[in-house]
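Chemist: give me a model of this one.
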Amino acid sequence: MENNHTFEPDKKGWVHRIQSISFTFFMLCLMGVCLGVISMYFGAAYFIMPMFQSYFKVAYLPFLNIFPVVLCILLLYFIFNRVWISFLLTSFLTLTLTWINYFKLMIRNDPLLAMDISLFFESMDMAGKYEIDFNWKMILVIISCILGTLFAFFFVKRKISSMKIRMVGIIVIILIG
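Modeler: Purely as a prediction, here's the structure:
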């Protein structure tokens, strides 16, 4: 008599859920760390490599620059319940602020400050007076973010089914941040 039973893990089982949740949060944190490191890289403006390397000589400096990006991607995941949306929005927000700071440093040798955001329309008027060139590194980052979004869309699909857990996650991240 032939045994037709094969071993297949129960897709609804707790082991699969733990693996899936772990993979999802690992990918979210990894994506956030990558965006944070990219932001630090472009934050150095003229002195990219020497200054970028100096960031890692102070133990807490990378943490202070990367942690907000990771919190942002996690917050957006709890809000939208989609990894790809949280990565796309975090990428857009992080890279926009990073590159505004980068170009402001290059043009005026002055970093982006919170009060500069309130002067948004004035800065848009001034931006027309300068030539802003995206270099190959920026293009590579944009392509990488598009590929990362596609990867998350197709391969990191875990959603949180409980609205209570999502709300607790949102509250915890807001309290931490």
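Chemist: which residues touch the helix or strand hosting Phe151?
Modeler: Using DSSP states H and E, Phe151 maps to helix 136-155. Outside helix 136-155, the residues that touch it by Cβ atoms under 8 Å, 6 or more residues apart in numbering are Met27, Met31, Cys34, Ile38, Phe42, Val83, Trp84, Phe87, Leu88, Ser91, Leu95, Trp99. All C-beta spots, glycine's among them, are computed from the backbone N, C-alpha and C.
Chemist: could you redo the last one with a cut-off of 10 Å?
Modeler: 23-24, 27-28, 30-31, 34-35, 38-39, 41-42, 48, 82-92, 94-95, 98-99, 102, 134-135, 156 (Cβ atoms under 10 Å, 6 or more residues apart in numbering).
Chemist: and for stretch 164-174?
Modeler: 70-72, 74-81, 159-160, 162.
Chemist: got a PyMOL select line for the buried ones in the contacts of helix 136-155?
Modeler: PyMOL command restricting the contacts of helix 136-155 to the buried ones, with burial defined by 16 or more other Cβ atoms under 10 Å:
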select buried, resi 24+27+28+31+34+35+38+39+41+42+82+83+84+85+86+87+88+89+90+91+94+95+98+99+102+156
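Chemist: what is the neighbour count of Phe151?
Modeler: Close neighbours of Phe151, defined as other Cβ atoms under 10 Å, add up to 15.
Chemist: measure it to Leu88 for me?
Modeler: For Phe151, the distance to Leu88 equals 11 Å [Cβ to Cβ, to the nearest Å].
Chemist: with Gln19 instead?
Modeler: As judged by Cβ to Cβ, Gln19 and Leu88 stand 25 Å apart.
Chemist: please apply the same query to Gly36.
Modeler: Distance of Gly36 to Leu88, given as Cβ to Cβ: 16 Å.
Chemist: what's the answer for Leu64, then?
Modeler: Remark: distance between Leu64 and Leu88 (Cβ to Cβ) = 24 Å.
Chemist: coming back round to it: buried stuff in the helix holding Phe151?
Modeler: Of all the residues in helix 136-155, those buried under the rule 16+ other Cβ under 10 Å are Met138, Val141, Cys145, Gly148, Thr149, Ala152.
Chemist: cool, stretch 162-177 as well?
Modeler: For stretch 162-177, a neighbour-count test (16+ other Cβ under 10 Å) marks Arg166, Gly169, Ile170, Ile173 as buried.
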